[in-house]
Structures are given as C-alpha cells and as structure tokens.
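S.K.: quick one: sequence plus predicted model below, questions after.
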Amino acid sequence: MNAANQTIYALSSGSLPAGVAVIRISGSEAMHVVKSLAGSVPAARQATLKTIRTRNGLILDRGLILTFPGPASFTGEDCAEIHIHGGKAVVAALLAELSLFEDCRFAEHGEFSRRALENGKMDLVEVEGLADLISAETEMQRRLAIEHAAGGLSALYEGWADRLTRARALIEAELDFADEDDVPGSVSDLVWSDMERLRSELAEHLAGGDFGEIVRDGLRVVIAGPPNAGKSSLINALAKREVAIVTDIAGTTRDVLHVDLNIDGYAVRLYDTAGLRETEELVEREGIRRALKTVADADLVLSLAEIGQPAQTEFPGFTGRVIKLGTKADLRAGANGAYDLLISSTFGHGLAELHQLIINDLRDRSPSLSLALPSRLRHRTLLKQSLDALSMAVSFDSQGLDIRAEHLRQSANSLGRITGRVDVEDLLDVIFSEFCIGK
Ligand SMILES: Nc1nc2c(ncn2[C@@H]2O[C@H](COP(=O)(O)OP(=O)(O)OP(=O)(O)O)[C@@H](O)[C@H]2O)c(=O)[nH]1
Ligand SMILES: [K+]
Ligand SMILES: [Mg+2]
C-alpha cells in the first residue's frame with residue numbers, strides 16, 4: 001500500500017501532560033484499529049467509554065472512543081478519535097501500539113487537512129483559514145480566520161467565478177450566432193455592464209487585502225528617532241517587560257528588536273531600532289542601516305524626540321503614517337504643538353493615549369465591518385491576475401469578442417486557483433508544511 005493510502009494517526013490535542021489527550025486516526029484501517037484496541041466498534045458519532053488494551057491484552061488506559069465513518073468525517077475517510085488521559089507515557093504507549101498495525105503510520109504535517117482537501121471536504125481557502133484559526137492569538141485574527149475557514153470567502157470567489165463563466169457562455173453563444181442578423185445586441189450589453197460591476201467589486205475586495213494582511217500578520221509599528229530619545233524605554237513600557245537595554249549612553253541599541261502586542265484584539269508587532277545619527281562607528285552604522293530598512297517596511301512609524309527637539313517627519317523609503325511623540329514629558333512642563341502626543345515612559349504618561357492612536361490608525365485602515373478579506377500574498381496575487389484579465393475583457397471595445405471571452409476565462413481561472421478548483425498541485429506542499437501534526 002502506498003503512503004497516500006495508508007491509515008494515519010497523530011496526537012491532535014496540545015502539549016503533554018494534559019487532562020485529556022486526543023489521538024486521531026484516519027483511513028481504511030481506522031475501524032479495524034478501534035475494534036482491536038477496544039474490543040468492538042462503538043456506534044457512529046457517539047462517545048463511548050472503553051477499556052483500551054494492547055494486542056497482548058494488557059490495559060493501556062480507559063477512555064472515550066468516537067468513530068466517524070466516511071465520507072461524513074473531517075477527512076472524508078473512516079475516522080476515529082481516542083480520548084485518553086494526557087500523560088506522556090500513556091500517549092507514548094498508545095502511539096507505539098498504533099505503529100504496530102499494518103498499513104498504519106504517523107501522520108505528516110497537515111495530512112488530515114490535506115486528505116480533507118483531496119476528498120472535497122474543504123477547499124484551499126478553508127484549509128488556510130483553518131491553519132490561521134489554529135494559530136490565531138488575537139480576537140481579530142480569529143475573526144478573520146473563521147471567515148476563511150467557514151467558507152465565507154470561498155462562496156464569494158465561487159460566486160464571482162460562476163458569474164464570469166456565465167458571461168463567457170453568453171458571449172460565446174453570441175459568437176456562434178454572429179452570422180445571423182437577428183441576434184439582439186442587448187444581451188451583450190447586459191453582460192458587459194455586469195462585468196464592469198464585477199470589476200469594481202473585485203478591485204474593492206483586492207484593496208481590502210492590505211488590511212487583511214495586517215490583521216493576519218500584525219500591524220508593523222516601528223519606533224524611530226535619534227539616540228537617547230527614549231525608544232527602548234518606550235518598547236519596554238508598552239511590552240511591560242525589559243525587552244531592550246536602556247542606558248543613558250547614546251547608541252545603546254544596535255539590533256532591531258521586536259515584541260508582539262495585542263491591542264484591542266489586533267496583533268501589533270512593535271519594533272525598537274538604533275538611534276538615527278551620522279556616525280563613523282562601524283557597528284552603529286550597521287544598526288542604523290537596519291533601522292532604516294525596518295522603517296521602510298513599516299505600516300506605522302512612531303517618531304520619537306525628546307521634548308523640545310523636533311521629531312523627524314520624513315523617512316527614506318517610507319510613505320506611510322508618522323506619529324510624532326515628544327518623550328520624557330516629565331522633564332518639562334507644558335505641551336508643545338509640534339507633537340501628536342507627549343509621553344513619559346518612566347511614569348507611564350500618555351501610553352493609554354498612544355494605544356488609542358494605534359487603534360484609531362487600525363480603524364482608519366479597515367475597509368468595512370466585514371472581515372471577508374484576502375489575507376495572504378497568494379490570494380492577492382491571484383486576485384490581481386483575475387482583475388487584470390477582467391479589465392482586459394471589459395475595457396477594449398475594439399478587440400474581437402473571442403479575445404474578450406478568453407480574458408473572461410482567464411479571470412475565472414485565477415479565482416478558481418484561490419479556492420483550488422483549478423490546478424494547484426504544486427502549491428500544496430508549501431501550504432501544508434505550515435500545519436502542525438495532527439491537523
Ligand atoms: N526622565 C525620563 N527619562 C527617560 C524617559 N524615557 C527614557 N528616559 C531616559 O533616557 C535615556 C535613554 O533612553 P533609551 O530608552 O535608552 O533611549 P533610546 O532612544 O533607546 O537610545 P538609543 O538606543 O541609544 O538610540 C535613559 O537614561 C532613560 O532612562 C522618560 O520618560 N523620562
Ligand atoms: K540610550
Ligand atoms: Mg535604544
């Protein structure tokens with residue numbers, strides 16, 4: 001039997017020890033394995049308490065067994081779950097026992113999901129959404145992931161692909177009858193006005209990808225400014241721990257450091273960087289080079305300056321938003337209009353207001369209340385291809401109908417590749433390698 005047909009098993013629950021551990025089994029041998037371990041196969045989808053024994057009759061543990069005969073299972077194959085006590089030795093003993101069954105082996109990364117995809121239980125966007133759901137750490141990441149995992153986005157793409165395909169069919173029908181004089185032009189007009197509408201829907205959706213990626217990967221906020229402005233003190237104050245070294249020596253920070261924060265349910269990755277100044281010192285220069293590169297890749301820059309000093313507003317290669325922060329406000333009284341906000345990391349002043357500025361920035365970026373947004377480069381690339389093909393189809397009146405129909409076909413194909421309806425075999429290894437074992 002080749003590897004793809006073998007029955008697979010893995011620990012699907014989290015790290016051990018734990019109260020309960022769940023071992024999942026999928027494949028044609030699943031029911032045979034359950035019968036051998038538990039003496040009989042419990043009724044489908046009913047948790048049943050069983051004594052689990054080795055093939056020599058020794059008791060391994062007692063636990064719940066659930067069976068899901070295919071195709072009504074996660075993978076579409078015969079599946080079983082064994083819920084045992086989550087002790088390391090208990091789980092090791094059961095996994096060792098499972099390895100003795102013929103045509104059974106330990107699952108690879110994401111192999112359960114891969115089988116679900118191959119058996120048509122999920123499409124590619126749903127599979128990616130599931131991976132994101134499992135790794136979601138903030139509420140907004142969870143909400144975005146569930147849109148993908150639960151099929152919201154797939155339905156949108158399939159609806160659009162169907163619309164493109166129907167339009168192409170109508171255009172091709174018109175081509176077939178082109179010799180006959182009595183074909184009304186109005187069908188074609190209706191098709192093209194609908195395609196024009198679809199083009200703006202697609203463009204709007206694609207534009208939401210910036211925000212989708214920010215929700216999924218986190219907003220990149222970079223702290224920048226001259227040496228001793230208090231950059232490292234700020235990252236420490238926001239992280240509530242000593243992430244970075246703070247001294248009164250200018251040029252303390254050299255490497256780029258970061259912490260992940262959860263601000264109002266959004267993932268925010270905050271970077272501390274080397275102080276920006278002219279210097280001949282080799283290590284510091286390298287630090288500054290890295291700082292500027294990090295700034296260029298930022299979504300939002302916090303430009304720090306000690307109160308009284310001007311805050312830098314322009315950074316090479318960065319066109320996004322800059323928030324000017326006057327630091328060490330405790331040293332001098334009185335606000336100065338040159339800053340967006342005055343803070344004191346030492347005393348915690350202004351930090352709540354800074355949180356609010358970051359939240360406002362995120363809200364400004366959000367295209368809509370819905371999180372049915374593309375969130376990966378893969379989605380964006382294919383959406384862009386789909387949009388480009390559709391734009392070609394609608395915007396050149398002079399080209400032949402057959403060419404325009406071909407553009408419609410290409411546009412639908414690109415959408416089909418997002419959900420995996422159209423050839424994606426080469427992509428699968430990359431996508432599933434992100435998964436943990438047991439998913
Ligand atoms: N009074 C006061 N001092 C501060 C405050 N924030 C930082 N400092 C002091 O300013 C000095 C420099 O702080 P750092 O956080 O190391 O500054 P930096 O911008 O990271 O400096 P480099 O890494 O050298 O670029 C330290 O002595 C801090 O204790 C503040 O809010 N109030
Ligand atoms: K310093
Ligand atoms: Mg520093």
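M.R.: Nice, thanks for sending it over. Residues are numbered from 1 along each chain as shown. Ligands and ions are numbered 1, 2, ... in the order given.
S.K.: hey, let's count contacts and neighbours off CA atoms from now on
M.R.: OK.
S.K.: can you list the residues that contact the longest helix belonging to the chain?
M.R.: In the chain, with assignment by DSSP state H, the single longest helix is helix 152-176. Contacts to helix 152-176, defined as C-alpha atoms under 8 Å, 6 or more residues apart in numbering, come from residues 123, 125-126, 147-148, 183, 187-188, 191, 195, 198, 372-373, 401-402, 405, 408-409, 411-413, 415-416, 418-419.
S.K.: swap in 7 Å and give it another go.
M.R.: Contacts of helix 152-176 with the rest of the structure, by C-alpha atoms under 7 Å, 6 or more residues apart in numbering, involve 125, 147, 188, 191, 372, 405, 408-409, 412, 415-416, 419.
S.K.: can you name the two of those residues that are farthest apart?
M.R.: Maximum pairwise distance among the contacts of helix 152-176 (C-alpha to C-alpha): 34.8 Å, between Glu147 and Ser188.
S.K.: neighbour count for those two, which is higher?
M.R.: Shown here are Glu147 and Ser188; by other C-alpha atoms under 10 Å, Glu147 has more neighbours (21 against 16).
S.K.: once you drop chain neighbours, what's closest to that one?
M.R.: Distance criterion C-alpha to C-alpha, 6 or more residues apart in numbering; nearest residue to Glu147, sequence neighbours excluded, is Ala372 at 5.7 Å.
S.K.: same check on Ala116?
M.R.: Using C-alpha to C-alpha, 6+ apart, the closest residue to Ala116 is Thr75 (3.9 Å).
S.K.: does that neighbour count as helix, strand or coil?
M.R.: coil (DSSP: H, G, I helix; E, B strand; the rest coil).
S.K.: need phi/psi at Asp297.
M.R.: phi -90, psi 0 (degrees, to the nearest 10).
S.K.: any idea how far Arg290 is from it?
M.R.: Distance from Asp297 to Arg290, counting by C-alpha to C-alpha, to the nearest Å: 11 Å.
S.K.: least confident pick among the contacts of helix 152-176?
M.R.: Among these, Ser188 has the lowest pLDDT, at 78.
S.K.: and Ile134, helix, strand or coil?
M.R.: helix.
S.K.: how close does it get to Glu81?
M.R.: 19 Å.
S.K.: when the two are compared, which one has more neighbours?
M.R.: Between Ile134 and Glu81, counted using other C-alpha under 10 Å, the more crowded position is Glu81 (24 against 13).
S.K.: can you pull out the helices in this structure?
M.R.: Using DSSP H, helices in the chain cover 30-38, 88-99, 111-118, 124-135, 139-149, 152-176, 186-207, 209-217, 231-239, 282-296, 351-365, 377-395, 401-419, 425-432.
S.K.: residues in the stretch 151-300 of the chain within reach of ligand 3, list them.
M.R.: 232, 253 (C-alpha under 5 Å from the ion).
S.K.: one more time with 8 Å
M.R.: Applying C-alpha under 8 Å from the ion, we find that the stretch 151-300 of the chain lies next to ligand 3 at 227-228, 230-233, 244-247, 251-254, 272-275.
S.K.: pLDDT weak spots in the stretch 101-250 of the chain?
M.R.: 177-186 (pLDDT under 70).
S.K.: the closest residue to ligand 3 within it - how many residues pack around it?
M.R.: Nearest residue of the stretch 101-250 of the chain to ligand 3 (C-alpha to the ion) works out as Ser232 at 4.0 Å. Residues lying near Ser232 (other C-alpha under 10 Å) number 28.
S.K.: relative to ligand 1, how far out is it?
M.R.: Applying C-alpha to the nearest ligand atom, to the nearest Å, the value for Ser232 to ligand 1 is 4 Å.
S.K.: let me see the contact set for that residue.
M.R.: Per C-alpha under 7 Å, 6+ apart, neighbours of Ser232: 244-246, 272.
S.K.: among those residues, name the buried ones.
M.R.: 244, 246, 272 (16 or more other C-alpha atoms under 10 Å).
S.K.: ligand 2 next: which of those are close?
M.R.: Among the buried ones among the contacts of Ser232, proximity to ligand 2 is found for Val246 (C-alpha under 8 Å from the ion).
S.K.: so which of the buried ones among the contacts of Ser232 are in strands?
M.R.: Secondary structure from DSSP state E places Asp272 of the buried ones among the contacts of Ser232 in strands.
S.K.: which among the buried ones among the contacts of Ser232 are in contact with ligand 1?
M.R.: Val246 (C-alpha under 6 Å from any ligand atom).
S.K.: which one of the buried ones among the contacts of Ser232 is nearest to Leu383?
M.R.: Asp272 (34.3 Å).
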